[in-house]
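J.: A structural model of the following input is requested.
(2 chains)
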Number of protein chains: 2
Amino acid sequence: MSIIVLGTVALDTVKTPEGRRHNLLGGSAAHFSLAARFFTDVNLVAIVGEDFPGKHINFLHKKGIILTSLIKGNGKTFRWSGEYKGDLNTALTLSTELGVLSIFKPTIPEHQKKIENVFLANVDPEIQMHLLKSMHRPKLVGLDSMNYWIHNKRQDLVRLLKDVDIYVANDQEARDLSGEHNLIKAARALRRLGPRFIVIKKGEHGVLFYCDKFIFSYPAYPVEHVVDPTGAGDTFAGGFMGYLAQAGKINGKTLKKAIIYGTILSSFNVEGFGIERIARLTKKDIHSRLNKFRNILAF
Amino acid sequence: MSIIVLGTVALDTVKTPEGRRHNLLGGSAAHFSLAARFFTDVNLVAIVGEDFPGKHINFLHKKGIILTSLIKGNGKTFRWSGEYKGDLNTALTLSTELGVLSIFKPTIPEHQKKIENVFLANVDPEIQMHLLKSMHRPKLVGLDSMNYWIHNKRQDLVRLLKDVDIYVANDQEARDLSGEHNLIKAARALRRLGPRFIVIKKGEHGVLFYCDKFIFSYPAYPVEHVVDPTGAGDTFAGGFMGYLAQAGKINGKTLKKAIIYGTILSSFNVEGFGIERIARLTKKDIHSRLNKFRNILAF
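T.: Numbers count the residues shown, from 1 in each chain, chains lettered A, B, ... in the order given. You can find the predicted model right below:
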C-alpha cells in the first residue's frame, strides 16, 4: 500500500567535522521519501520556492517519488543552515529562512486523500492538522515534530496527537513534551496523549519502542565514519513507516522489522552529506547490512 | 575455572532522585564479585579499614566469595560519596577518603597466584600492576580504570594495558584515553595499546564491543525505575568476566553471551541502592530476564 508524507523540502547548508556543503537537497519530507521509496509508493506533499533547482525535482522524480503535490510557491525555498561539532548528535542551527513555508496550506487531489498510510513529518503542527483533516479514512497515521513546536505550539501538537497512531520523537523531544527524564516513563506519558505506538530515536544510541503490549530497545547500527547526521531521524521514519505500509499489518513482528529497517536506512544516511549516500543506495546494500545487524544481535 | 579480582571494597554514601543512603557496602571489587559469583568461584583481593562493619564481611562470605585476600589495614576504610541528578548517567563525586587504600600493596598466597582469570577492577594502576606481576601465568586478564587514573597516571595505565587482554571502559574514559570521539575509532585506538578486546560501556545506552574480527553493539536492558547506578559498570564487568571464566574459551559466541550476562546483571544492579537488589538476586531472575532480552532483540 502507498504512503503520503507531508513535510519540508529544503535547501540545507551544513558544516560538520568532515566538511561543509551548501544548498543540499534536504527537508523532513525529502529525507523521509528517499528512505520510504524502498518499500512503497511515496506521495510527497510539500512546497518549494521559485529558486528551487530543477535538478532536485528531477532527482526525486527519477527515484520514483510521486510529486503531484509538491507545489511551487511565490517566494524562496525554505532554507536551513546548521553545524555539528565534536559529538555529532546535536545540530546547532545557524539560520532558518522559512520562505514559502510561511504561506503553505497543503491541498491535495481527491485520489491522494484516500491513501491509508499517512506520515506528518516535521513542519508546523497547524499545517500537519490541515493535511490530516483532508484525509478520508487514514488507517495508520505517524507524526514527527521538533522542539520548536513543542515549545511554541504545544497545544496544537497535543490536540493533533489524539488522532495519531505512531509518534516518532527524538529523546530530547520526548523528554520535553512528557516532562519525564527516564525514557520509558516519557514513552508512557506520551502514550497517554493518544498515540498507540511511541518510537523514541536516540541518535547513535539507537531506538526505544513503546506500546501497551511491549517495549523494544535496539542499538544503532555501528557506523565508524559519520559524515553528516542531518536527516537521520527522517530517514529512520521513512524506513520505519515505509516498511509498515508495505507489510500492511501491525504486530510485534512487523513493528520490530520496521524499526530495524529504519535503523539500517539511517545508518547509511549519516555516511554522506545530505542525501548523498541514500541517493546511490541499493536494496542489496540494505539487505546486506540488515543481515550483518541480525548476526550482531543474535546470541 | 575460578577468577581473582583486585579492586576496592568501600563504604559508599549516595544521593539519587530516589533517596539517600549512608555507608553502603560498595567498591569496584565488591560489585564485581557479587555479579561474578553467579558463574564462578570468586577470589577477592582488597583492603578495608578497622572500621569496616563485620556484617559486610559476613554478607560477602555468605554469598560464597573467597575472602582469603581481603585484608584489614590500620586505618579507615575507603569511602566514596556521590550524587546523581536528573539524568542518572553521571555521578558527581562529593568526597573521596582513601584511608587504608593509600598504603595498599596486595600480597596473595601461592595458590591464588595460579588462578588463570584475573580482573583488575578500578584502583590505582600501580596497585593493579603490582598484583598482575605476582600472578604466575594468567590466561585472561581484564582491566577497568577511571578518568582520575587516565589523567593522573596515564603512563602507568598505558604500560599496564600492554599485558591486558580485555579493557573495559565507559564511553567517556574510552574517549579520554584514545583522544577519539567516535567510539569505534576510540576502540580501534585502544586496541593498539594492547588489549585484544575492547568493551565500551555506555550506561543506559548499552555496550559496544570491539575486536579485530568483529564489532558488537547491544542496547541496555530497558529499566524503567532506576534507583542508583553506582556499581553498574563493575557489576557488568563481573557478569562479563564471570561468564567467560565459566565458559573457559573465548569466541564470538561466548563473548556475546558474556556481554549479555553483564548487561542483565547490571540492569538489576541499578534497580536498588548499592548492592541491595543484587544481594537478593537469583539465577532464576537472571535467566528469566535474559530470555526477555533475547525476545526483544530477535527480529
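J.: and the stretch 151-299 of chain A, which residues reach chain B?
T.: A:181-182, A:184-185, A:202, A:204-206, A:208, A:214-226, A:253, A:256-257, A:259-260, A:294, A:296-299 (Cβ under 8 Å from any Cβ of the partner chain). Where C-beta positions appear, they are placed from N, C-alpha and C, glycine not excepted.
J.: Just the buried residues from these, in ChimeraX please.
T.: To isolate the buried members of these in ChimeraX, using 16 or more other Cβ atoms under 10 Å in any protein chain shown:
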select /A:181,182,184,185,202,204,205,206,208,215,216,217,218,219,220,221,222,223,226,256,257,259,260,296,297,299
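J.: Quickly list what A:Ser217 is bridged to.
T.: Residues in a beta bridge with A:Ser217, per DSSP bridges, are A:Leu208.
J.: what residues are up against it?
T.: A:206-209, B:206, B:219-222, B:296 (Cβ atoms under 8 Å, 6 or more residues apart in numbering or on different chains).
J.: try it again with 10 Å
T.: By Cβ atoms under 10 Å, 6 or more residues apart in numbering or on different chains, the contact list for A:Ser217 reads A:183-184, A:200, A:202, A:205-210, A:259, B:204-206, B:218-222, B:293, B:296-297.
J.: Also A:Arg175?
T.: Contacts here follow Cβ under 10 Å, 6+ apart; on that basis A:Arg175 touches A:147, A:150, A:169, A:181-183, A:185-186, A:189, A:200, B:86-87.
J.: Let me see the ranges of the strands in the stretch 101-250 of chain A.
T.: Along the stretch 101-250 of chain A, counting by DSSP state E, counting those that start in this stretch, strands occupy A:117-120, A:140-144, A:166-170, A:197-201, A:207-210, A:215-218.
J.: Tell me which of those strands sits most buried.
T.: strand A:117-120 (a mean of 28; mean count of other Cβ atoms under 10 Å in any protein chain shown).
J.: That one pairs with which strands, and in what direction?
T.: strand A:3-6 (parallel), strand A:140-144 (parallel).
J.: Could you export these as CSV, including distance to A:Phe240 and mean pLDDT?
T.: Compiled in CSV, those are given as follows (distance: least, Cβ to Cβ, whole Å; pLDDT from 0 to 100):
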stretch, distance to A:Phe240, mean pLDDT
strand A:3-6, 11, 98
strand A:140-144, 8, 98
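J.: Quick one: closest of these to B:Leu140.
T.: strand A:140-144 (46.4 Å; Cβ to Cβ).
J.: Only alpha carbons, please: show that closest one as PDB.
T.: Taking Å, rounded to 0.1, in the frame of the first residue of the first chain, the C-alpha atoms of strand A:140-144 are listed here in PDB:
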ATOM      1  CA  LEU A 140      -2.200   4.500  10.000                       C
ATOM      2  CA  VAL A 141      -1.000   8.000  10.900                       C
ATOM      3  CA  GLY A 142       2.500   8.700  12.000                       C
ATOM      4  CA  LEU A 143       3.900  12.100  13.200                       C
ATOM      5  CA  ASP A 144       7.300  13.600  13.900                       C
END
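J.: Could you check the angle it makes with strand A:197-201?
T.: Relative orientation of strand A:140-144 versus strand A:197-201 (axes from the mean of the first three to the mean of the last three Cα atoms, to 10 degrees): 30 degrees.
J.: Compute the inter-axis angle for strand A:140-144 and strand A:166-170.
T.: Angle, strand A:140-144 to strand A:166-170, by the same axes, to 10 degrees: 20 degrees.
J.: From the residues of the stretch 151-299 of chain A next to chain B, which land in helices?
T.: A:184-185, A:253, A:256-257, A:259-260, A:294, A:296-297 (DSSP state H).
J.: right, is the worst-scoring helix or strand of chain A on mean pLDDT up against chain B?
T.: In chain A, no helix or strand scores lower on mean pLDDT, DSSP states H and E than strand A:91-97, which sits at a mean of 90. No. Under the criterion of Cβ under 10 Å from any Cβ of the partner chain, chain B is not reached by strand A:91-97; the shortest gap measures 15.8 Å.
J.: Could you list the residues in contact with that strand?
T.: Contacts for strand A:91-97 (Cβ under 10 Å, 6+ apart): A:10-11, A:13-16, A:49, A:76-85, A:148, A:228-230.
J.: buried subset of those residues?
T.: A:10-11, A:13-16, A:49, A:76-82, A:84, A:228-230.
J.: Helices - which of these land there?
T.: Going by DSSP H, the helices hold none of those.
J.: Beta-bridge partners for the residue lying closest to A:Leu140 once chain neighbours are set aside, please?
T.: Once flanking residues are discounted, A:Leu140 sits nearest to A:Asn117: 5.0 Å by Cβ to Cβ, 6 or more residues apart in numbering or on different chains. Note on A:Asn117: beta-bridge partners by DSSP bridges are A:Ile3, A:Leu140.
J.: What of A:Trp80?
T.: A:Trp80 has these beta-bridge partners by DSSP bridges: A:Asp12, A:Thr96.
J.: Spatially central residue for chain A, please.
T.: A:Asp234 (2.3 Å; Cα atoms, centre = their mean).
J.: these two touch, right, A:Ala189 and A:Tyr167?
T.: No. Using Cβ atoms under 10 Å, A:Ala189 is not in contact with A:Tyr167, being 11.2 Å away.
J.: Next, show the common contact partners of the two.
T.: Joint contacts of A:Ala189 and A:Tyr167 (Cβ under 10 Å, 6+ apart) are A:174, A:177, A:198.
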